[in-house]
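J.: sequence unknown, structure follows:
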């Protein structure tokens, strides 16, 4: 479990993380989202003791990271896959880490097999692709068989097979009762992987909720309507709390009224409906709505 209370980090006049409190619980995958500059990486670095909080604190499994006698056995972290000695082989890199915690050669072999690094284990890390570097970082994080995993952009550079493997892997770890805390810019992947989300914006928590609640609360439920009387129906639906978009000829996208309400209204006016389909918003749409006022750099829409 990871517990943060009043966690704050200032760099001079800039407050990167602003008095945040949260709990990452075992048995589920918790996603960590936010625009660039929101404070995600700084928060993760404070969890594993790379940065010292300006105020507040954060504990892993009941202790500050530095208080654990064998940190690798408590928490595994992938924060920067490039932070390795490029002249070493993958195997030697893992053996060197294992030696600091009394971890066996057998465990090194296990994590190499676990992450699919057998064919490159004796090659120098400097020649690794981005995806292979990510796999090595995950192998290092798993070396101590920790109860808590912190993974920053674990699918970065991976091919589709690798992305699927990471998704299944972290969900398996959570099912074992471990704490899994991961960040990603891939909203579609996070929607498939995470159970719970913490979203940061400008150093503060915007939302801390289950994925389904974030999607439901971030944008309204839409209803896809197909009717030969679409124009008449659109006029009937017009109201202060209802939005009607004409997607194409004979098709409406309605927000603010559920499918039964639309169907009843059409029936009252003897208007035929050929399709009436509720549609949940995507996580990407919900995320964009949540963070609209928290982005550091804003681009204009293409015309």
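T.: Thanks, I have the structure now. This structure is a prediction, so every number in the text was calculated from the model and none was measured.
J.: Tell me which residues touch residue 145, please.
T.: Residues near residue 145 by Cβ atoms under 8 Å, 6 or more residues apart in numbering: 73, 107. C-beta here means a position set from N, CA and C on the backbone, and glycine is covered the same way.
J.: my read is it is in a strand, agree?
T.: No. Using DSSP: H, G, I helix; E, B strand; the rest coil, the secondary structure at residue 145 is coil, not a strand.
J.: what sits up against stretch 125-139?
T.: Contacts of stretch 125-139 (Cβ under 8 Å, 6+ apart): 78, 80-82, 84-90, 93-94, 111-112, 114-117, 120, 151, 154-159, 162, 166, 169.
J.: Looks like residue 154 contacts residue 79 (just checking).
T.: No. Contact between residue 154 and residue 79 fails when scored by Cβ atoms under 8 Å: they sit 10.5 Å apart.
J.: which of these two has more neighbours?
T.: Counted by other Cβ atoms under 10 Å, residue 154 and residue 79 do not tie: residue 154 has more neighbours, with 27 against 18.
J.: tell me which element the closest residue to the more buried one other than its chain neighbours falls in.
T.: In this structure, residue 154 finds its nearest non-sequential neighbour in residue 166, 5.2 Å apart by Cβ to Cβ, 6 or more residues apart in numbering. In the assignment (DSSP states H and E), residue 166 maps to helix 160-175.
J.: which helices and strands does the helix or strand just after that helix pack with?
T.: Moving toward the C-terminus from helix 160-175, the next helix or strand (DSSP H and E) is strand 179-183. For strand 179-183, the elements it packs on are strand 28-33, helix 40-47, strand 148-152, helix 160-175, judged by 3 or more Cβ pairs under 8 Å, 6 or more residues apart in numbering; DSSP states H and E.
J.: Turn the ones you listed into CSV, including mean neighbour count, distance to residue 205 and mean pLDDT.
T.: Below are the helices and strands packed on strand 179-183 laid out as CSV (neighbours: other Cβ atoms under 10 Å; distance: least, Cβ to Cβ, whole Å; pLDDT from 0 to 100):
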stretch, mean neighbour count, distance to residue 205, mean pLDDT
strand 28-33, 23, 10, 96
helix 40-47, 23, 10, 95
strand 148-152, 23, 17, 96
helix 160-175, 16, 21, 93
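J.: Would you mind giving the domain segments of the chain?
T.: As recorded under automatic domain parsing, the domains making up the chain are 2-86+130-209, 220-280.
J.: average pLDDT for the last one?
T.: Okay, so that is domain 220-280. Mean pLDDT, domain 220-280: 91.
J.: hmm, back to that, check the gap between the residue nearest to residue 154 and residue 150 for me.
T.: 14 Å (Cβ to Cβ, to the nearest Å).
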